[in-house]
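> need the 3D shape of this:
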Amino acid sequence: MGKIAFLFPGQGSQFVGMGKGLAERDQKVADIFSKADKALKFPLSSVIFEGPKEKLTLTTNAQPALLTTSIAILQKFTQFHIQPDFVAGHSLGEYTALVAANALSFTDGVQVVHKRGEFMEEALPHGQGTMAAILGMDREKLTEITEKVTELVGSVQLANLNCPGQIVISGTKDGVDKACELAKENGARRAIPLEVSGPFHSRLMEPASNRLHKLLATVDVRNAEIPVISNVTAKPVQDAEEIKRLLVQQLYSPVLWEDSIRYLLENGVDTFIEIGPGKVLTGLVRKVDRSVHTFAISDEESINHTVRELKGGKS
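Coordinates of the predicted model:
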């Protein structure tokens, strides 16, 4: 069997009730949720378990909610002594990966992403920025379009390079609308507007990154015990200072997810375990390489299935 990578999902994977079943049956899992409530000084766990959905979806709640739930699921999974060779997370998920690699304490992680959500929300007035998924166009062609639109209409950049033929763009409302129009005229299969509260991973997030930079200066970031694949470089990072620098850049830089998966494949990873709600990342991995083993774990049943497959000697 080759190497194993743990993957952690980003914003958009959250749903009301995630992690609840595990927390009800396992005290150590329940303790993670209580710890988050204490760290944030409000009952995040009841927002996660009971909703309402609108409250959970707010960036300031969704980010700590996803980190908490993913770490709670990881807490259960670590009881089976399956160790990763690498960890990676999509956007917000990179913070979960850093907690998993012991570069960031859980309490610090929850507090930082709660603030990060706030900074992202406040970077520019609501409704002025947006994002859209462009299907069936390569990055070179789309980059040309976004550069042209930025010059003539309004700021827009590539934000998430998720897998072959799926790229998310981000920027001003006018810029994104125009880029979608031009992408379709130039052969893109579809352009789908996303329901997001801001233009994440675009240059419009620079005000948020300045605030994050100041915040991270006060946080104890340690060297990572496991290589963490950075969204910004699609390469492993373990040095504490470099981790901080890249987290600040991550806010306004594209998430190089496809490149990150390719790096892991080239470095011997053949088993990817998505830890957290949903199966978005598993789907993206399979679009890069269908021959690898993928597992998505979010509850007792999926954890037991994954452990059986891995411990059963299946390579």
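> ok, and the closest non-adjacent residue to Gly136?
In space, and not counting its chain neighbours, Gly136 is closest to Arg189: 3.1 Å by Cβ to Cβ, 6 or more residues apart in numbering. Placement of C-beta: from N, CA and C, glycine included.
> what count of nearby residues applies to the one you found?
11 (other Cβ atoms under 10 Å).
> report pLDDT for it.
The score at Arg189 is 97. That number is its pLDDT.
> all helices of the stretch 101-250 of the chain, in order?
Using DSSP state H, counting those that start in this stretch, the helices of the stretch 101-250 of the chain run over 106-122, 139-152, 173-185, 206-216, 240-250.
> quick one: the fourth one to helix 106-122, angle?
Right, helix 206-216. Per axes from the mean of the first three to the mean of the last three Cα atoms, to 10 degrees, the angle that helix 206-216 makes with helix 106-122 is 160 degrees.
> average pLDDT for helix 206-216?
On average, helix 206-216 scores 97.
> now do that helix and helix 240-250, the angle between them.
160 degrees.
> then the longest one?
Here helix 106-122 runs at 30 degrees with respect to helix 240-250, directions being taken by the same axes, to 10 degrees.
> just checking, what packs against helix 106-122?
Contacts defined by 3 or more Cβ pairs under 8 Å, 6 or more residues apart in numbering; DSSP states H and E place helix 106-122 against helix 27-40, helix 59-77, helix 93-100, helix 206-216.
> same thing with the fourth one?
Packing contacts for helix 206-216, counted by 3+ Cβ pairs under 8 Å, 6+ apart, involve helix 106-122, helix 240-250.
> tell me how far it lies from the chain's centre.
Chain-centre distance of helix 206-216: 18 Å, with Cα atoms, centre = their mean, to the nearest Å.
> in it, what counts as buried?
By neighbour count on 16 or more other Cβ atoms under 10 Å, the buried set for helix 206-216 is 208-209, 211-212, 215-216.
> buried stuff in stretch 254-265?
In stretch 254-265, counting by 16+ other Cβ under 10 Å, buried: 254-261, 263-265.
> I'd say Ser230 and Val237 touch.
Yes. Counting by Cβ atoms under 8 Å, Ser230 does reach Val237; the two are 4.8 Å apart.
> flag the shaky bits of the stretch 1-150 of the chain, pLDDT-wise.
By pLDDT under 70, the stretch 1-150 of the chain contains no weakly predicted segment.
> about what we covered before: just the ones of the buried residues of stretch 254-265 in helices?
Applying DSSP state H to those, the entries found in helices are 257-261, 263-265.
> the closest residue to Leu44 other than its chain neighbours: neighbour count?
With sequence-adjacent residues excluded and distances taken as Cβ to Cβ, 6+ apart, Leu44 is closest to Ala36, at 5.0 Å. Ala36 has 27 neighbours, counted by other Cβ under 10 Å.
> for Ala36, what are its contacts?
By Cβ atoms under 8 Å, 6 or more residues apart in numbering, the contact list for Ala36 reads 44-45, 64, 68, 106, 110.
> then Leu92?
Contacts of Leu92 (Cβ under 8 Å, 6+ apart): 10-11, 62-63, 66-67, 113, 116.
> repeat that for 7 Å
Each residue near Leu92 by Cβ atoms under 7 Å, 6 or more residues apart in numbering is listed here: 10-11, 63, 66-67, 113.
> what do you get for Thr96?
Counting by Cβ under 7 Å, 6+ apart, Thr96 has contacts 8, 67, 70-71, 89.
> what's the answer for Thr60, then?
Going by Cβ under 7 Å, 6+ apart, Thr60 touches 114, 117-118, 121.
> nearest to Glu274 among the residues you listed?
Each of the contacts of Thr60 was checked against Glu274 using Cβ to Cβ; the closest is Gly117, at 21.6 Å.
> do I have it right that the closest one meets Leu66?
No. Between Gly117 and Leu66 there is no contact under Cβ atoms under 7 Å: 10.2 Å.
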